[in-house]
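*Asks:* return atomic coordinates for the entry below.
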Amino acid sequence: MKQYVFIVILTGAITLALAWTVWRLSMQYKLYPGVRERDVHKTPTPRLGGIAMFLGVTAAFVVSSQHPYFSIFWENPKTVIAILIATFIIVVVGVADDLWDLDWMIKLGAQFLAAGIIAWFGELQIYSLPIGGLTVGSGWVSFTLTVFSIVIVMNAVNFIDGLDGLVAGVCLIANGIFFAYSYLLVRDIGSSTYFNLASFMAAAMIGACIGFLPMNWSPARLFMGDSGALMLGLLMACSAIAVTGLLTPAMMDPEQFGRSQLLGAFIPILLPIVVVLLPLLDFGLAVIRRLRAGKSPFSPDRKHLHHRMLDMGHSDRDAVLIFYAWTAVVGLAVLLMYLGTREDWPGQYLAGVGFGLIGIAACLVVTLLPARRSARPALTEEPAR
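*Replies:* The predicted structure is shown next:
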């Protein structure tokens, strides 16, 4: 565990230092878009924070290559190198979009290219699903499922990047819960080491989010932009896929795989979904809404969930904290349910269910509670982040 804490501290410190540097250089050389009438922020704000986050995560990977405890996933470096190359492509395209607003087809093409590099050259694929040991039918099915999963998670994370500190905080909480799960899983399946690629990437993302939040907290001095949000989504998808690789079909046989791990095996699917479920739902509704209006499904508007919360009267900070609460409640409830199926944790399963139900009820009350402030007038455009 000390080695993972070291990775978190290292990534966080490097990200914070570089985020401040990127902010200073961006302000000095005016590397930021002008404030438009539809924007929420009132002063020009750089969107290049993803560069600092990428360099912080890359530094963690470089250090891990020299660290004997992490040698297990450097024995076959193709996967790690493919992830770093794909992340670099996404960050470069994201930075270009943050500066010059690229066409959506270029961005989507780059996302599929990056996901393809990971699945094809890195050989990080979904070969089996933790559902009774279900094995994916063929290599092409596995490749296609992996690529689309990565692209969907990337866009889902990028989709919620609309308020100061929202994505960084949500990803910090989600990766913290995911790290706890992956760390416990390798212990429960009898692995010879606690060190694995999934836990390492989660720890690196925790550090990157911690380091970036001080610059991004309301009022933000620096946005992570598409480069940062897409990078986090890509790495979160990769860490989830890497976890599925720890579970072989034989291990997921109910006769050989205990009730604890059998339930826990669903978490690689459940956790990423519950983290991005509301954004995905909102995205689907947005596509339908725009198509009905005769617009492009990628045309901006101001009817997403966090924008609706602002229109209800919630402050920017309150809306962000409510999203944090939703992420923590659902993620922790699933994790507690996993812990509850262990023989030495009697009653923990019901405690997890109870925590989830009470937490969801509380979040609903806070979300729907009549605002203390007057509702904001709805705008027709989406503020850029």
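*Asks:* so where do the strands sit in the stretch 51-200 of the chain?
*Replies:* For the stretch 51-200 of the chain, the strands defined by DSSP state E, counting those that start in this stretch cover 128-129, 134-135.
*Asks:* could you tell me the least trusted of these?
*Replies:* Least confident of the strands of the stretch 51-200 of the chain, judged by mean pLDDT, is strand 134-135 with a mean of 57.
*Asks:* excluding its backbone neighbours, what's nearest residue 217?
*Replies:* Spatial nearest neighbour of residue 217, excluding adjacent residues (Cβ to Cβ, 6 or more residues apart in numbering): residue 165 at 4.8 Å. Any C-beta I mention is one placed from the backbone N, CA and C, and that applies to glycine too.
*Asks:* residue ranges in the stretch 51-200 of the chain under the pLDDT threshold?
*Replies:* Scanning the stretch 51-200 of the chain for pLDDT under 70 picks out the ranges 128-138, 189-193.
*Asks:* now the helices for it?
*Replies:* Counting by DSSP state H, counting those that start in this stretch, the stretch 51-200 of the chain has helices at residues 78-100, 104-120, 139-159, 166-188, 197-216.
*Asks:* please identify which of these is closest to residue 231.
*Replies:* For residue 231, the closest of the helices of the stretch 51-200 of the chain is helix 78-100, at 5.6 Å, according to Cβ to Cβ.
*Asks:* quick one, that closest one and helix 197-216 angle?
*Replies:* Taking axes from the mean of the first three to the mean of the last three Cα atoms, to 10 degrees, one finds helix 78-100 and helix 197-216 inclined to each other by 20 degrees.
*Asks:* dump the host helix or strand of residue 235 to PDB, restricted to CA.
*Replies:* Per DSSP states H and E, residue 235 falls inside helix 225-244. In PDB, the C-alpha atoms belonging to helix 225-244 read as follows (Å, rounded to 0.1, in the frame of the first residue of the first chain):
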ATOM      1  CA  GLY A 225     -10.400  20.900 -21.200                       C
ATOM      2  CA  ASP A 226     -11.100  18.000 -23.500                       C
ATOM      3  CA  SER A 227      -7.500  16.800 -23.200                       C
ATOM      4  CA  GLY A 228      -7.900  16.200 -19.400                       C
ATOM      5  CA  ALA A 229     -11.500  14.800 -19.400                       C
ATOM      6  CA  LEU A 230     -10.900  12.500 -22.400                       C
ATOM      7  CA  MET A 231      -7.600  11.300 -20.800                       C
ATOM      8  CA  LEU A 232      -9.400  10.400 -17.500                       C
ATOM      9  CA  GLY A 233     -12.100   8.600 -19.400                       C
ATOM     10  CA  LEU A 234      -9.600   6.600 -21.400                       C
ATOM     11  CA  LEU A 235      -7.600   5.600 -18.300                       C
ATOM     12  CA  MET A 236     -10.700   4.700 -16.300                       C
ATOM     13  CA  ALA A 237     -11.900   2.500 -19.200                       C
ATOM     14  CA  CYS A 238      -8.500   0.800 -19.400                       C
ATOM     15  CA  SER A 239      -8.300   0.200 -15.600                       C
ATOM     16  CA  ALA A 240     -11.800  -1.500 -15.700                       C
ATOM     17  CA  ILE A 241     -10.800  -3.700 -18.700                       C
ATOM     18  CA  ALA A 242      -7.600  -4.600 -16.900                       C
ATOM     19  CA  VAL A 243      -9.600  -5.800 -13.900                       C
ATOM     20  CA  THR A 244     -11.600  -8.100 -16.100                       C
END
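*Asks:* what is the neighbour count of the residue lying closest to residue 198 once chain neighbours are set aside?
*Replies:* Nearest-residue entry for residue 198: residue 242, 4.0 Å, with adjacent residues in sequence omitted and distances by Cβ to Cβ, 6+ apart. By other Cβ atoms under 10 Å, 22 other residues sit near residue 242.
*Asks:* and if you look at residue 93?
*Replies:* 22.
*Asks:* ok, it touching residue 100?
*Replies:* No - Residue 93 lies out of contact with residue 100 (Cβ atoms under 8 Å); the separation is 10.9 Å.
*Asks:* quick check: which element contains residue 50?
*Replies:* helix 49-65.
*Asks:* what packs against that helix?
*Replies:* Contacts defined by 3 or more Cβ pairs under 8 Å, 6 or more residues apart in numbering; DSSP states H and E place helix 49-65 against helix 2-28, helix 78-100, helix 197-216, helix 225-244.
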